[in-house]
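With the sequence up front, the predicted model follows.
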Amino acid sequence: MPTVTTPDSSLAPILLLVLAGLFVAILIWVLLDMFLSRPGRYPAPDPDERLARILKRVRRIELITRGLVKETLGGQYHSRFKGQGIEFDDFREYQAGDDVRFIDWNVTARMDAPFVRKYEEERELTVLLLVDVSGSSDYGSRDDSKRELTAEMAGAFAFSACANHDKVGLLLFTDHVEAVVPTRKGMTHALRLLRDILNISTLGSRSSLVPALEVVLRRMSHRSLVVIVSDFLFPDTSWERRLRGVAAAHDVVAVRIADAAELVLPNVGRVALQDPETGLQQIVNSSDYAVRQHYEQALASHQQRVRDILDTAGVETLEVTTGENYIPALKAFFKARKHKR
């Protein structure tokens, strides 16, 4: 007799294949859901690997900035921020950038190396770095973020201070003071400051310069060099009055950090933009010329307002951008003027 094939028996192999495929799909979905889609379920990063990455960046910044200080900035920092002094104290070896008028030719002839006269007032200078580590500092459209460029700029001043036997300290801020590292001397201390800038886990993400300036006004009684390193993308200008107070008592320098992608809104259609400090999102039609023009005008207005506040307070500004060679601008800045009296 011929074999009769029922519909159920003919569909069984196909049904098994479908069920097997469905099982695999569900398994993949569960795994993706566990490890990718839900916040907080990413595999924990290896702390040793993260530390190694941070130390590698610190070493890179050290090589760049220490070499720059040794070749050029050391003497220029000394002439610019420590001045000529008022009472002769001793001699020290000439550094690149020193004013040649203060070379002592008699000592130079005896030592067979150039020496300059050292004055009592220049024995020690306190340098305080006010570094912005708010959410916007972590943005970067190039290889390095603004935070890494911030660390390089802070490193240039820290290593210059150490080369001139000055104390240097650090204050990290968001919309409040995140950490304070007391002033100390030495290259090991300077490296610690770089590590802290790159490695800090902040409690806040928003930004305000007010709390940092208030610390300076309360705690620093003698005249010092205060270096503010920030993108200055503060939501308001409530910091203006306190900055004038700090600048009246101290020598203040502002290092403004920017990323090239922030300066122009590209024509790429509709995009979702997110504020890194507040988390707010907005859909923007960047193909609309009026939208791009409004963005550039608003940014230019903000930047000019910041420049006006800094100029009015007597604060000199160094502007640097990620992905660009900042060394010429840094050299020119250090050479620009004599010590502020």
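Everything's here; your move.

Please enumerate the helices of the stretch 51-200 of the chain.
74-77, 105-111, 146-163, 187-199 (DSSP state H, counting those that start in this stretch).

what's downstream of the last one, the next helix or strand?
The reference is to helix 187-199. Using DSSP states H and E, the next helix or strand after helix 187-199 towards the C-terminus is helix 210-219.

For that next one, which helices and strands make contact with it?
strand 126-132, strand 167-173, strand 177-184, helix 240-249 (3 or more CB pairs under 8 Å, 6 or more residues apart in numbering; DSSP states H and E). Placement of C-beta: from N, CA and C, glycine included.

relative to helix 240-249, how tilted is that helix?
Orientation check (axes from the mean of the first three to the mean of the last three CA atoms, to 10 degrees): helix 210-219 against helix 240-249 gives 40 degrees.

what's the angle from helix 210-219 to strand 167-173?
Computed by the same axes, to 10 degrees, the angle between helix 210-219 and strand 167-173 is 140 degrees.

you'd agree residue 256 is in a helix?
No: using DSSP: H, G, I helix; E, B strand; the rest coil, the assignment for residue 256 is strand, not a helix.

Excluding chain neighbours, what is closest to it?
residue 319 (4.6 Å; CB to CB, 6 or more residues apart in numbering).

Please name the residues that touch that neighbour.
255-256, 258, 329 (CB atoms under 8 Å, 6 or more residues apart in numbering).

try it again with 10 Å
By CB atoms under 10 Å, 6 or more residues apart in numbering, the contact list for residue 319 reads 232, 254-258, 303, 307, 326, 329, 333.

which one of those residues is nearest residue 100?
residue 333 (20.3 Å; CB to CB).

Please identify the most buried of the helices of the stretch 51-200 of the chain.
Highest mean neighbour count of the helices of the stretch 51-200 of the chain: helix 146-163, a mean of 25 (counted as mean count of other CB atoms under 10 Å).

and the angle from that one to strand 177-184?
20 degrees.

any idea how far residue 96 is from residue 182?
Residue 182 sits at a distance of 30 Å from residue 96 (criterion: CB to CB, to the nearest Å).

brain fart, residue 257
26 Å.

So the two - more neighbours on which side?
Neighbours were counted for residue 257 and for residue 96 using other CB atoms under 10 Å; residue 257 has more, 27 against 12.

OK, contacts around residue 134?
Contacts of residue 134 (CB under 10 Å, 6+ apart): 147, 172-175, 178, 202, 204-208, 230-231, 233-234, 276-277.

ok, the closest residue to it other than its chain neighbours - contacts?
Take residue 134 and drop its neighbours on the chain: the residue closest to it by CB to CB, 6+ apart is residue 207, 3.6 Å away. Counting by CB under 10 Å, 6+ apart, residue 207 touches 132-137, 173-175, 230-235, 276-277.

Can you verify my assumption that residue 216 contacts residue 246?
Yes: with contact defined as CB atoms under 10 Å, residue 216 counts as touching residue 246 (5.1 Å).

Now the common contact residues for these two.
130, 224, 226, 228, 252.

and those residues, which two are the farthest apart?
224 and 228 (12.7 Å).

circling back to that earlier point, using PyMOL, define a selection of the buried residues within the contacts of residue 319.
Command for PyMOL, covering only those of the contacts of residue 319 found buried under the criterion 16 or more other CB atoms under 10 Å:
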select buried, resi 232+254+255+256+257+258+303+307+326+333
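
Show me which of the contacts of residue 319 is closest to residue 118.
Among those, residue 333 lies closest to residue 118 (CB to CB), at 24.0 Å.

That closest one - nearest residue in space that isn't next to it in sequence?
residue 318 (4.6 Å).

Got phi/psi on residue 294?
Main-chain dihedrals, residue 294, degrees, to the nearest 10: phi -60, psi -40.

wait, doesn't residue 238 sit right on residue 175?
No: using CB under 10 Å as the test, residue 238 is too far from residue 175 to be in contact (11.1 Å).

how close does the residue lying closest to residue 316 once chain neighbours are set aside get to residue 170?
With CB to CB, 6+ apart as the criterion, residue 316 has its nearest non-adjacent residue at 5.8 Å, and that residue is residue 253. Distance, residue 253 to residue 170, by CB to CB: 15 Å.

burial count for residue 315?
The burial count for residue 315: 19, using other CB under 10 Å.
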